[in-house]
Structures are given as structure tokens and as C-alpha cells.
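Peer 1: Show me the folded form of this:
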Amino acid sequence: MHSRHVGSGFSKPGPLRRVRLWLGPAPAAQAAVLLALGAVLWYFGANIVATMHRLGIEPGFAFLSQRANFEIGESLIAYSSSDNYGRALLAGLVNTIYVASVGCIIATLLGIALGVAQMTRNLILTSFVRCYIEIFRNTPLLLQLFLWSAIFHNLPAARRATEIAGTYLSNRGVYIPKFVLAGNAPVASIGLALLCGLVVAVALRRLLLGRPFYATQISLATVIAATVTFWLTGGSVDLDLPIKGGFNISGGLSLSPEFAGLLAGLVFNSAATIAEIVRGGIQSVQNGQWEAARSLGLRPGHIMRLIVLPQALRVITPLMTSSYLDLTKNSSLAVAIGYPDLVNVGNTTANTTGQTLEAITIIAGAYLTLNLIVSLAMNLFNRHITRRGNRRQ
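Peer 2: Numbers count the residues shown, from 1 in each chain. Down below sits the predicted model:
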């Protein structure tokens, strides 16, 4: 017979003990500090509300439904001065998301290329990369934005625009070729959207369940399925090239000097940091991995792509999260060079309505939400990388 040992092992703490553990040491002092902090915040809040009433400003967010009466230089969504402040802030938020997303993608590609280039034995290449990193990491980002803005605003006029591989550079902006959906585009777009949503849902489910996610195979299958879906639904793709004629350039995708300057500043600055992260991640891989790969007769490119980088991702990914967050927050410096991002539109809204506190609250809440979403996505990816590495060991 098996004897039952009552009370053996560790017993769970009682309710009072749990409360004391939750409160931590010196609960009375903590409560006093919190009360004092609450009193200070209440005092300043009451003063702000009283000042707003004295100036004839009603606190709250009712102003979002009022007519804005100001234009926005460029917007990805339809907007005019007859729209309300809520629509204007949404246009600024979309601009911020756009420049931050594009900046993160380009900075990642450039940073990885520079980080790998540092590990080569080419003295000229490594010296160039080191100089690039030292310059862009040790000068203020705002100064870099001013420099890029001045460069793009001082390009030749449209009639004398510089052409590079089908791209025109002028003081009116940068004109690049773009792909245009033609044929039965609405139906094709809906089919593509449904397909992409299905792929993302499957990928997230596998990541959350800790199952292997074969990125290369799924990406290839997605491209093939998207192409077939687009073709079957009657869609077609045309290439719209910019054309220089007279005093203007028509066609293609136009990037304003403000957007191009902001994007260039964010990309080149963040790429320098990402390059150092990639270099540190590569150097964290033990030399034995390199020697074992060389003994198998693998080429340096194959060693880097198949053996070193997959292991370095476990070191690189957490630090890349910080770089993406910094790039997203640094996009707020667009106000200095005139790009209509969320901060720029928020400042205009605050100046025209007097609702400064509310505008700042909206801006802070939007950036907090964006950064939390980026952190969540990168943490899920990092968890996937860690689990896959543990399974291989």
C-alpha cells in the first residue's frame, strides 16, 4: 500500500500572505508616495482645466468632429480642408505608418548588407562601411534630416531632372516607376487580400502553437498562389514609367522632397545601427561553426546564409526590435522638415483649436499603440526563432 503524506512539500501561501507579497516591502510608504503623486497630478490637472475654461476652451475631444479648414500637403487617404480634425489626424497617422514601415524594410536590407560587408576581408569595403557607420551614428539625426532635405530641395528643376535607370530626380520630388493593377483589378485585389489574410492567419497560428514555420516554402507558395489568383480573376499588371515633358514630369510614383528627405534620413541612420547589430550577432557565433562548415567544403556565402545567420538571429532579433521602435519614434522629427506626419498635423490642430492637451494625448496614444504592435510582432518572431533553435540543439 502507498502511504499518504499529508503536508509534505511546499504549501501554497494563504490569502493574507499573497496580499503581502503583492504589496511588497513598506506598503504604507508606497501608498503615501502614490497618494502624493495623485495629489500633484490632480493639482496640475485642475489648473489646466481652469485655464482652459478661462480662455473659453471646452475640454474634451468634441473638436474632432469640427471642420479642420487647413490643407495637408500630401496624404495617402482622401482629405480636403472641408473634412474634420479627426480625418486630418488620421491622414497624419497613415503618413507616419507609411514612412515608418517603408523605412524599417529598407533599413533592414541595407543594415544587413552593411553588417555582412564588415565581416569580409576587403580592406576598402570594410573601411568604407566603418566610416559610414561612425558618421551616421555619431551625428544628430535632426542634422542629417536637414542635410537630406536640403539635398532634395536643391536638385535640378523638372525640365532638367537627372535620370537614373528610369528614375527622375528633381526639386519637385523623386519619380520612380510603379506597378499598376489593370483589368478586373477590384476582384483581383479582393482575391489577393483574402489569400494574404489566410497566409498571415496560418503563420500566426503556427507561431503561437510553437510549430515549425517554413518561411521559404510558404513564401514561394504564396507568390505562386497570388499570381494564379490574380490571373484567374482577370487582373493584369502594367508598369507605369515617369515621363519628362516640358516643365513637369508625369507618370510613375512621385515622392515629395519632404518624404524623400525624411525617408533617407531615417534609413541611413537606422541602417548604421542595424549594421552594428548584425556584426555583433555574427561575431557571437562560435568559430567552431565556421571551421566545421569549411571542413565540409561550403563556400563563404553558403556558410553565412545557411549556418551563421540563422544562429545569429537569436542575438540580432531582440536588438532589432529596439531599432524599429527608435525609427518609428524618430519619424516624429518630420515636423522639422515639413512632412505632414501625425506630429505635424497634431501641432496644427492644437494651434487652431487650442486643444493642446488633447492633441498631445492623441499623438502619445498613437505612438504608444504603434510601438506596442511592433514589440508584439517582434516578440512573437523572437519566440519562434528561439524555439526553432532549441529544437535543433
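
Peer 1: how about the helix ranked longest in the chain: buried residues?
Peer 2: The residue-count maximum for a helix in the chain (DSSP state H) belongs to helix 356-392. By 16 or more other C-beta atoms under 10 Å, the buried positions in helix 356-392 come out as 356, 358-359, 362-363, 366-367, 370-371, 374, 378, 381-382, 384-385. For the C-beta atoms, the positions are set from N, CA and C on the backbone; glycine is no exception.

Peer 1: what's the closest non-adjacent residue to Ser75?
Peer 2: Counting by C-beta to C-beta, 6 or more residues apart in numbering, Ser75 lies nearest to Ala91, which is 4.2 Å off, once chain neighbours are set aside.

Peer 1: can you pull the alpha-carbon coordinates of stretch 20-27 into PDB?
Peer 2: Provided in PDB are the C-alpha atoms of stretch 20-27 (Å, rounded to 0.1, in the frame of the first residue of the first chain):
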ATOM      1  CA  ARG A  20       1.500  41.000   1.500                       C
ATOM      2  CA  LEU A  21       3.700  39.500  -1.300                       C
ATOM      3  CA  TRP A  22       1.800  41.600  -3.900                       C
ATOM      4  CA  LEU A  23       2.200  44.800  -1.900                       C
ATOM      5  CA  GLY A  24       5.900  44.200  -1.400                       C
ATOM      6  CA  PRO A  25       8.000  45.800   1.300                       C
ATOM      7  CA  ALA A  26       6.900  49.100   3.100                       C
ATOM      8  CA  PRO A  27       3.300  49.200   1.800                       C
END
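
Peer 1: From the chain's centroid, how far away is it?
Peer 2: Chain-centre distance of stretch 20-27: 39 Å, with C-alpha atoms, centre = their mean, to the nearest Å.

Peer 1: Could you pull out the buried residues of it?
Peer 2: Per 16+ other C-beta under 10 Å, stretch 20-27 contains no buried residues.

Peer 1: Next: stretch 113-128.
Peer 2: Of the residues in stretch 113-128, those buried by neighbour count under the rule 16+ other C-beta under 10 Å are 114-118.

Peer 1: mind putting those in a markdown table, distance to Ser149 and secondary structure included?
Peer 2: Shown next, in a markdown table, are those (distance: C-beta to C-beta, whole Å; DSSP: H, G, I helix; E, B strand; the rest coil):
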| residue | distance to Ser149 | secondary structure |
| --- | --- | --- |
| Leu114 | 23 | helix |
| Gly115 | 27 | helix |
| Val116 | 30 | helix |
| Ala117 | 28 | helix |
| Gln118 | 29 | coil |
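
Peer 1: hang on, the residue nearest to Ser75 packs against Asn344?
Peer 2: No - between Ala91 and Asn344 there is no contact under C-beta atoms under 8 Å: 10.5 Å.

Peer 1: now the helices: where do they sit in this structure?
Peer 2: 15-23, 27-54, 85-117, 123-137, 141-153, 185-208, 215-232, 257-283, 287-295, 300-302, 309-330, 342-353, 356-392.

Peer 1: would you list those helices in CSV and tack on distance to Gly173?
Peer 2: Shown next, in CSV, are these (distance: least, C-beta to C-beta, whole Å):
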stretch, distance to Gly173
helix 15-23, 57
helix 27-54, 41
helix 85-117, 14
helix 123-137, 24
helix 141-153, 8
helix 185-208, 25
helix 215-232, 30
helix 257-283, 6
helix 287-295, 46
helix 300-302, 37
helix 309-330, 22
helix 342-353, 18
helix 356-392, 26
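
Peer 1: So which of these is the most surrounded?
Peer 2: helix 257-283 (a mean of 23; mean count of other C-beta atoms under 10 Å).

Peer 1: Leu255 is in contact with Ile176, isn't it?
Peer 2: Yes - between Leu255 and Ile176 there is a contact under C-beta under 8 Å: 7.0 Å.

Peer 1: what residues are up against Ile307?
Peer 2: Taking C-beta atoms under 8 Å, 6 or more residues apart in numbering, we find Ile307 in contact with 285, 289-290, 293, 298.

Peer 1: Need the residues you listed in CSV (columns: distance to Pro140).
Peer 2: Below are the contacts of Ile307 laid out as CSV (distance: C-beta to C-beta, whole Å):
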residue, distance to Pro140
Val285, 34
Gln289, 39
Trp290, 38
Ala293, 41
Leu298, 43
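
Peer 1: Go through those residues and name the one nearest Ile316.
Peer 2: Nearest to Ile316 out of the contacts of Ile307 is Val285 (C-beta to C-beta; 10.8 Å).

Peer 1: Distance check, that closest one against Arg294.
Peer 2: Using C-beta to C-beta, to the nearest Å, one gets 13 Å for the distance from Val285 to Arg294.

Peer 1: got it, and Ser322?
Peer 2: For Ser322 relative to Arg294 (C-beta to C-beta), the value is 33 Å.

Peer 1: Hmm, Gly92 is touching Asn347, no?
Peer 2: No - look at Gly92 against Asn347 with C-beta under 8 Å: they stay out of range, at 9.7 Å.

Peer 1: What is the least confident helix or strand in this protein?
Peer 2: Within the chain, no helix or strand scores below helix 185-208, which has a mean of 61 by mean pLDDT, DSSP states H and E.

Peer 1: Could you list the low-pLDDT ranges of the stretch 151-300 of the chain?
Peer 2: Counting by pLDDT under 70, the ranges of the stretch 151-300 of the chain that qualify are 179-238, 246.

Peer 1: what's the first-to-last distance across stretch 52-64?
Peer 2: 17 Å (C-alpha to C-alpha, to the nearest Å).

Peer 1: Nearest residue to Glu163 in space, please, no chain neighbours.
Peer 2: Of all residues not flanking Glu163 in the chain, Lys244 sits nearest, at 7.4 Å (C-beta to C-beta, 6+ apart).
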